[in-house]
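J.: Using only what follows, build the 3D model:
(one chain, ligands or ions: 1)
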Amino acid sequence: MFSLKGKSAIITGGGSGIGKAISVLFAAQGAHVHIVELNSESGEIVAGEIRSNGGQASVHSCDVSDQQKVVALFKGIEKIDILVNNAGIAHVGKADTTSAEDFERVYNVNVKGAYNCLFAAIPIMKSLGGGAIVNLASIAAIVGLSDRFAYSMSKGAIYAMTLSVAKDYLGHNIRCNSISPARVHTPFVDGFIAKNYPGKEDEMFDKLSKSQPIGRMAKPDEVASMALYLCSDEASFLTGCDYPVDGGFIKLNT
Ligand SMILES: NC(=O)c1ccc[n+]([C@@H]2O[C@H](COP(=O)([O-])OP(=O)(O)OC[C@H]3O[C@@H](n4cnc5c(N)ncnc54)[C@H](O)[C@@H]3O)[C@@H](O)[C@H]2O)c1
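T.: Modelled structure (predicted):
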């Protein structure tokens, strides 16, 4: 079950955290993984790990917010069975403390970046007779989180784009779903704690861990398993849905 043998999968932001776990798992399941990374050095480290375990991986240095580059890159890859829109950046702030520059920066990567990859991948999937798309949303798309104005905006857009794409390409055998993780322990989390709560890192880590009713953050592998299922042929009846991987955050936080 859950074999991706013979499939070609694009994973944006595959050099770190959740994207890395997805890249490693998809390659172990037989996919040729294309890591699309701003930080190609980290992508190469992940690809090296995959190849040393007998898997297939290529790294493409690319900023997903640049449409021309994304289109040219995807055309060159030719065969795209799976797209995982994972690359994303964090931001802490409220509506009246988020600068226009920060708002735009988050929008350009998290929203426009995902759109660019959809724009470039869907024609190729159509020509191949179908495909599977997974977009990384967040619980921030579904519940109100403090101090996450721009980030929530971007993940709400991911949630809505998922529905739109799922509907528009039903007839093309392209399935599109999203995953909404709660806190996952990745460099993304460590980075924003260090940046936004200097001197209070341990306290914030503990607070963020306990905000999941299950009592801890998710591991990247736990999100990757959901992505594998959604991209596998076993999930052939699933489209247009969001799947929280949240340790009970949405439904059990009373
Ligand atoms: N970690 C969490 O708690 C959490 C929770 C919910 C959702 N998410 C989402 O999951 C995704 C991955 O998060 P993560 O924690 O693994 O992050 P991470 O920071 O560990 O990894 C993100 C990767 O994306 C790459 N990237 C950033 N901007 C890019 C760009 N413009 N073009 C190409 N690559 C780019 C980075 O180089 C990095 O390797 C994000 O979309 C994030 O919003 C994370």
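J.: Please list all residues in contact with the closest residue to V36 other than its chain neighbours.
T.: Excluding its sequence neighbours, the residue lying closest to V36 (CB to CB, 6 or more residues apart in numbering) is T12, at 4.6 Å. No exception for glycine: its C-beta is placed from N, CA and C like everyone else's. Applying CB atoms under 8 Å, 6 or more residues apart in numbering, we find T12 in contact with 19, 36-37, 64, 84-87, 113, 117.
J.: Now tabulate the residues you listed in CSV and tack on distance to the ligand, secondary structure and pLDDT.
T.: Formatted as CSV, the contacts of T12 follow (distance: CB to the nearest ligand atom, whole Å; DSSP: H, G, I helix; E, B strand; the rest coil; pLDDT from 0 to 100):
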residue, distance to the ligand, secondary structure, pLDDT
G19, 5, helix, 98
V36, 6, strand, 98
E37, 5, strand, 98
V64, 4, coil, 98
V84, 10, strand, 99
N85, 8, strand, 99
N86, 5, coil, 98
A87, 4, coil, 98
G113, 5, helix, 99
C117, 10, helix, 99
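J.: which of those residues count as buried?
T.: Buried subset of the contacts of T12 (neighbour count, 16 or more other CB atoms under 10 Å): 19, 36-37, 64, 84-87, 113, 117.
J.: mind listing the strands in this protein by residue range?
T.: Ranges of strands in the chain, per DSSP state E, are 8-12, 32-37, 56-61, 82-85, 131-136, 174-181, 242-245.
J.: quick one: the last one to chain centroid distance?
T.: This means strand 242-245. Computed by CA atoms, centre = their mean, to the nearest Å, the chain-centroid distance of strand 242-245 equals 12 Å.
J.: other SSEs contacting it?
T.: strand 174-181, helix 220-231 (3 or more CB pairs under 8 Å, 6 or more residues apart in numbering; DSSP states H and E).
J.: what sits up against that strand?
T.: Contacts to strand 242-245, defined as CB under 8 Å, 6+ apart, come from residues 137, 139, 141-142, 159, 162, 177-182, 218, 222-223, 226, 230, 250.
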